[in-house]
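Visitor: mind folding the following:
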Amino acid sequence: MRIEAITRRKIVVELSAEDMTNLDITYEALDYASVETRRVIWVILDRVRESTGCDIDPSGQLLIDAMPRPTGGCILFFTLRAGEAGTLAASEAVNAAEPFENALRPPERVLRKQEQLLAAFEFTGLDALLDCAGAYTRALRGGEEPLFTGSELYCERRGGRYRLLVYPAQEPSALCGFFSEYARPCGDDIFAAQHTREHWRRAGNHDFTFESLGAQTGAETPRKRAVKSFAPGNVYTSC
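Guide: Reported below is the predicted structural model:
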């Protein structure tokens with residue numbers, strides 16, 4: 001079990017297939033309405049408390065995002081949605097300009113399942129992005145196994161950087177091994193993906209694939225044309 005405290009309100013717990021067996025739970029069976037799932041959550045949060053000192057009360061306002069790992073097990077992202085102990089006092093709600101009645105609402109605990117793990121990589125510019133896409137396309141044509149099953153491309157609202165979100169088909173370490181020459185890893189968790197989707201602009205369209213971008217850098221399509229197609233001004237945004 002690997003535990004990482006992003007902040008005192010955001011904790012990431014990575015469970016291997018062996019961890020899941022020891023906890024006597026499967027990803028498919030995760031459901032906060034289930035007594036077994038709540039038991040597992042209490043056990044995990046006890047480990048978090050021992051490891052990090054962060055005391056997250058599972059009876060408070062708690063959001064849990066669960067993602068399966070490509071090789072078994074899963075990753076859990078715990079987000080405390082109110083005060084440090086999981087609830088807000090009425091006085092704190094007033095000071096925070098939150099309606100008084102919100103402080104008195106029943107505790108809410110939500111467990112959401114994500115279809116796949118996400119990994120994010122940041123490119124300093126379009127040249128690095130196209131070089132990486134070309135290398136990946138050549139690797140696939142050479143018989144290499146795909147590193148991911150899907151991708152989303154984003155660019156800065158102001159600036160020349162790009163971010164690629166991918167759904168790994170292999171362990172994140174394999175992705176980092178390939179992308180490290182071209183890009184900076186931004187994280188393999190839901191927080192990095194949410195931040196990118198919120199603050200960056202979607203490039204291309206919903207049919208975009210990284211492989212198709214790599215094909216644009218070949219002899220059949222001049223590189224200059226590819227640069228124009230994915231320039232920051234030519235973007236798709238869902239806003």
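
Visitor: how is this structure divided into domains?
Guide: Domain assignment for the chain by automatic domain parsing gives 2-113, 119-229.

Visitor: which one of these has the lowest average pLDDT?
Guide: Of all these, domain 2-113 carries the lowest average pLDDT, namely a mean of 75.

Visitor: which residues in the protein form strands?
Guide: If you assign secondary structure with DSSP state E, the strands in the chain sit at 2-7, 10-15, 62-68, 74-80, 109-113, 119-123, 148-155, 162-168, 184-187, 201-202.

Visitor: before we move on, back to that, can I get the domains of the chain in CSV with mean neighbour count?
Guide: C-beta: built from backbone N, CA, C; applies to glycine. Output for the domains of the chain, formatted as CSV (neighbours: other CB atoms under 10 Å):
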stretch, mean neighbour count
domain 2-113, 16
domain 119-229, 17
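
Visitor: got the residue ranges for the helices in the protein?
Guide: Secondary structure of the chain (DSSP state H): helices at 17-23, 35-52, 90-95, 100-103, 126-141, 172-179, 190-199, 210-215, 223-229.

Visitor: dump those to TSV, plus distance to Q114.
Guide: Written out in TSV, the entries for those read as follows (distance: least, CB to CB, whole Å):
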stretch	distance to Q114
helix 17-23	16
helix 35-52	16
helix 90-95	30
helix 100-103	27
helix 126-141	24
helix 172-179	15
helix 190-199	7
helix 210-215	20
helix 223-229	30
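
Visitor: export the strands of the chain to CSV and tack on distance to S34?
Guide: Output for the strands of the chain, formatted as CSV (distance: least, CB to CB, whole Å):
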stretch, distance to S34
strand 2-7, 23
strand 10-15, 16
strand 62-68, 13
strand 74-80, 15
strand 109-113, 10
strand 119-123, 29
strand 148-155, 29
strand 162-168, 27
strand 184-187, 29
strand 201-202, 36
